[in-house]
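Q: Fold the following and give me the result.
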Amino acid sequence: MTPVLGVRGISKSFNSVRVLDGVDIEIPAGSIHGLVGENGSGKSTLVKILTGVYTPDDGGTVDLWGQRVTFPIDAGSRGITVIHQDLGLADDLTVAENIGITSSFGTRLWWPLSWRRERAVVLELCAKYGLRLDPRARVSSLTPAERTLVAVLRALRKLSDDSGNQLIILDEPTAALPHDESRRLLTILRGLADSGVTVLLISHHLQEVIDVASRVTVLRNGSVVGTYETSETSTTDLVEKMLGYSIGAFYPDRGTPEASAPRLSVRGLTSDLVHDLTFSISPGEVVSVTGLAGMGQDDLPQLIYGSKKKTAGLVSVDDRDLRSSIADAMRAGVVLVPANRHRDALWTAGTAQENLTISFLSQFTHSRLLQPKRERAFTRRTMLEYDVRPPFTRQLMTRFSGGNQQKLVMARALHLGPKVLVLHEPTQGVDAGAKKALFQLVRDAAAAGAAILLVSSDFEEVAHMSHRVLIMRHGRIVEEFQQAELTEDRLLVASQQDTPRTQKELV
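A: Below is the predicted model:
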């Protein structure tokens, strides 16, 4: 069978720096093929070559559906589309409007637009691929997985209009999805492949790649390490191939915190989405809060940090009650690492130095004058200590990978010496090597005496990092697991129980 995509000897350099070096990939029709590698391994550059953003260096070739293509590649006419993590949907428009807009709703100039016809097109697409979506529903009302489906159907419709050939590149489609939504999306991807659609899946969730793809290609430093049958590999194998060395234990030893008075105490905390939450965390303890999407846990970091107002209840640090304000939380030693680092934790137009020191800039002043050399020397030392690559203090944040951006966010948070460290989805969109480093930073912060609140939808991460786990359903804490009870499957089952239980007194 002629492969849908044949990449041979593709290389790309920027300013004499080799980003891709002789890459070979072959993808059969109607298959799901995984592409994995650390941030900076060349995945994005390869995708940009396949979609015509970049032209490769001389010598390489790309064949699509058995035909040699010229560069730059006209992706649409060749049957290629990319669905990025942000999806690019208009929340205020309906499913039908979002699906039809990039295909001009199938009309020609001056032709009237028939919404009945558009809804019928959506239903026909859903029937063809075994999906269910309401064409009239606003995208803002959909679950995360359903939103991804809208982007997939929009791509399939456009590809059918342009060429009839269908190669979809999915770039981190489950990065922001909770566990159950991710599983649902992966099941749908299998159905798409069974119907003849070819999928190139790029993901940091290695187990998901193994579960859904038939083969996976590993990139390291711009070169292909190899392509492997997923039935014959494991996540540990893939991580070691990505990094080029044995990683040992992926999760650090949790240790056992000493019994002590609570550092963070939450009593009867209530807002529009959470109800009567009561729990406490002692110094050195990692307590996680998790659950399915929309159960209220994502509001908890903002309520603790004071960036969202509570309607009732108390939050205290070392027996000092906090007002609902960020300033008061910071004075008490509460530090937040937010889930959306680009929106809430970084100035993306700034440099590494500016982003790292902005929260404690006064430490580099003398007589109210900034001392740039001291600030630059501190930034350089910190970047080396936290293994931020490259350790260029004046490099813009947009030039760093997601993992290196998150290391800088963590470095800034830890330099503040938190008494309470609130982590909201701290490894979202981060590669395996950076995850391992971030896990160790969390462990070190706990060992130094910080009380850690980890709010995460990654059940594997929660099961391996926590001393205790609290399950939320419908805005309430309904279950508590001790360290000895923690498994990923147990957390998933507990999160999916339909009948809420009365919250235990968690003190």
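
Q: quick one: the strands in the stretch 101-250 of the chain?
A: 167-171, 198-202, 215-220, 223-229 (DSSP state E, counting those that start in this stretch).

Q: longest helix in this protein, by residue count?
A: helix 144-162 (DSSP state H).

Q: I'd like the strands of the stretch 101-250 of the chain laid out as a markdown table, including distance to V422, mean neighbour count and mean pLDDT.
A: Heads up, the C-betas are built off the backbone N, CA and C, glycines and all. Conversion of the strands of the stretch 101-250 of the chain to a markdown table gives the following (distance: least, CB to CB, whole Å; neighbours: other CB atoms under 10 Å; pLDDT from 0 to 100):
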| stretch | distance to V422 | mean neighbour count | mean pLDDT |
| --- | --- | --- | --- |
| strand 167-171 | 29 | 23 | 89 |
| strand 198-202 | 30 | 24 | 93 |
| strand 215-220 | 34 | 22 | 96 |
| strand 223-229 | 37 | 16 | 96 |
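
Q: In TSV: the ones you listed, plus distance to F105.
A: Formatted as TSV, the strands of the stretch 101-250 of the chain follow (distance: least, CB to CB, whole Å):
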stretch	distance to F105
strand 167-171	21
strand 198-202	26
strand 215-220	37
strand 223-229	40
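
Q: Give me the neighbour count for D91.
A: Other residues lying near D91 total 11 when counted by other CB atoms under 10 Å.

Q: ok, back up a step: C-alpha coordinates for the longest helix of the chain, PDB please?
A: These are the backbone C-alpha positions of helix 144-162, laid out as PDB (Å, rounded to 0.1, in the frame of the first residue of the first chain):
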ATOM      1  CA  PRO A 144     -13.500  20.100  26.000                       C
ATOM      2  CA  ALA A 145     -13.700  16.900  24.000                       C
ATOM      3  CA  GLU A 146     -16.700  18.100  22.100                       C
ATOM      4  CA  ARG A 147     -14.900  21.300  21.300                       C
ATOM      5  CA  THR A 148     -12.000  19.300  19.800                       C
ATOM      6  CA  LEU A 149     -14.500  17.300  17.700                       C
ATOM      7  CA  VAL A 150     -15.800  20.500  16.200                       C
ATOM      8  CA  ALA A 151     -12.300  21.400  15.200                       C
ATOM      9  CA  VAL A 152     -11.800  17.900  13.700                       C
ATOM     10  CA  LEU A 153     -15.100  18.100  11.700                       C
ATOM     11  CA  ARG A 154     -14.200  21.500  10.500                       C
ATOM     12  CA  ALA A 155     -10.900  20.200   9.200                       C
ATOM     13  CA  LEU A 156     -12.600  17.100   7.600                       C
ATOM     14  CA  ARG A 157     -15.100  19.200   5.800                       C
ATOM     15  CA  LYS A 158     -12.500  21.600   4.500                       C
ATOM     16  CA  LEU A 159     -10.200  18.700   3.300                       C
ATOM     17  CA  SER A 160     -13.200  17.100   1.600                       C
ATOM     18  CA  ASP A 161     -13.900  20.300  -0.200                       C
ATOM     19  CA  ASP A 162     -10.300  20.900  -1.200                       C
END
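
Q: of all the strands of the stretch 101-250 of the chain, which lies closest to A327?
A: A327 lies closest, by CB to CB, to one member of the strands of the stretch 101-250 of the chain: strand 167-171, at 38.3 Å.

Q: one step back: packing partners of the longest helix of the chain?
A: Where contact means 3 or more CB pairs under 8 Å, 6 or more residues apart in numbering; DSSP states H and E, helix 144-162 is packed against strand 80-83, helix 95-101, helix 115-129, strand 167-171, helix 179-194.

Q: what's the closest of those to V430?
A: Closest to V430 of the helices and strands packed on helix 144-162 is strand 167-171 (CB to CB; 14.5 Å).

Q: Walk me through the domains of the chain.
A: 5-243, 281-481 (automatic domain parsing).

Q: could you give me the average pLDDT of the last one?
A: Same thing as domain 281-481. What domain 281-481 shows for mean pLDDT is 94.

Q: Straight-line length of it, end to end?
A: Distance across domain 281-481, first residue to last, is 14 Å (CA to CA, to the nearest Å).

Q: next one: stretch 352-369
A: Stretch 352-369 has its terminal residues 21 Å apart, counting by CA to CA.

Q: Flag every buried residue along that stretch.
A: A352, Q353, E354, N355, L356, T357, F364 (16 or more other CB atoms under 10 Å).

Q: Which members of those residues occur in helices, if any?
A: Judged by DSSP H, helices contain the following of the buried residues of stretch 352-369: A352, Q353, E354, N355, L356, T357.

Q: out of those residues, who's nearest E425?
A: Once CB to CB is applied, the member of these that ends up nearest E425 is N355, at 19.0 Å.

Q: Looking at the helices and strands packed on helix 144-162, which is nearest to L219?
A: strand 167-171 (13.8 Å).

Q: what residues does the closest one touch?
A: Around strand 167-171, the neighbours that count as contacts under CB atoms under 8 Å, 6 or more residues apart in numbering are 4-5, 27, 44, 47, 50-51, 64, 79-85, 152, 155-156, 159, 189, 192, 197-203.

Q: For it, what is the distance to the chain centroid?
A: 16 Å (CA atoms, centre = their mean, to the nearest Å).

Q: relative to strand 198-202, how tilted is that strand?
A: With axes from the mean of the first three to the mean of the last three CA atoms, to 10 degrees as the basis, strand 167-171 and strand 198-202 are set at 20 degrees to each other.

Q: Report the backbone C-alpha coordinates of strand 167-171 in CSV.
A: The C-alpha coordinates for strand 167-171 follow below in CSV (Å, rounded to 0.1, in the frame of the first residue of the first chain):
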residue,chain,number,x,y,z
LEU,A,167,-4.4,13.8,6.7
ILE,A,168,-5.0,15.4,10.1
ILE,A,169,-2.1,16.5,12.3
LEU,A,170,-3.3,16.8,15.9
ASP,A,171,-0.9,18.9,18.1
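
Q: what angle separates it from helix 144-162?
A: Going by the same axes, to 10 degrees, strand 167-171 makes 150 degrees with helix 144-162.

Q: ok, strand 167-171: who's next to it in the sheet?
A: Strand pairing for strand 167-171, determined by DSSP bridges: strand 80-83 (parallel), strand 198-202 (parallel).

Q: out of those, which comes closest to G296?
A: Using CB to CB, the nearest of those to G296 is strand 80-83, at 28.8 Å.

Q: Could you tell me how far that closest one lies from the centre of the chain?
A: 19 Å.

Q: List the contacts of that strand.
A: Strand 80-83 has contacts (CB under 8 Å, 6+ apart) with 47, 50-51, 64, 73, 75, 148, 151-152, 155, 158-159, 167-171, 173.

Q: mind putting the helices and strands packed on helix 144-162 in CSV, distance to H467 included?
A: Formatted as CSV, those follow (distance: least, CB to CB, whole Å):
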stretch, distance to H467
strand 80-83, 38
helix 95-101, 43
helix 115-129, 44
strand 167-171, 35
helix 179-194, 21
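
Q: To E460, which of the ones you listed lies closest?
A: Nearest to E460 among the helices and strands packed on helix 144-162 is helix 179-194; the distance by CB to CB comes to 8.7 Å.

Q: Please export the C-alpha coordinates of that closest one as CSV.
A: Below are the C-alpha coordinates for helix 179-194, written out as CSV (Å, rounded to 0.1, in the frame of the first residue of the first chain):
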residue,chain,number,x,y,z
HIS,A,179,-8.7,12.0,31.9
ASP,A,180,-12.3,10.9,30.9
GLU,A,181,-12.5,13.5,28.1
SER,A,182,-9.1,12.4,26.8
ARG,A,183,-10.2,8.8,26.7
ARG,A,184,-13.3,9.8,24.8
LEU,A,185,-11.4,11.7,22.2
LEU,A,186,-8.9,8.9,21.7
THR,A,187,-11.8,6.5,21.1
ILE,A,188,-13.1,8.9,18.4
LEU,A,189,-9.7,9.1,16.8
ARG,A,190,-9.7,5.3,16.4
GLY,A,191,-13.1,5.6,14.7
LEU,A,192,-11.8,8.2,12.3
ALA,A,193,-8.9,6.0,11.4
ASP,A,194,-11.2,3.1,10.8
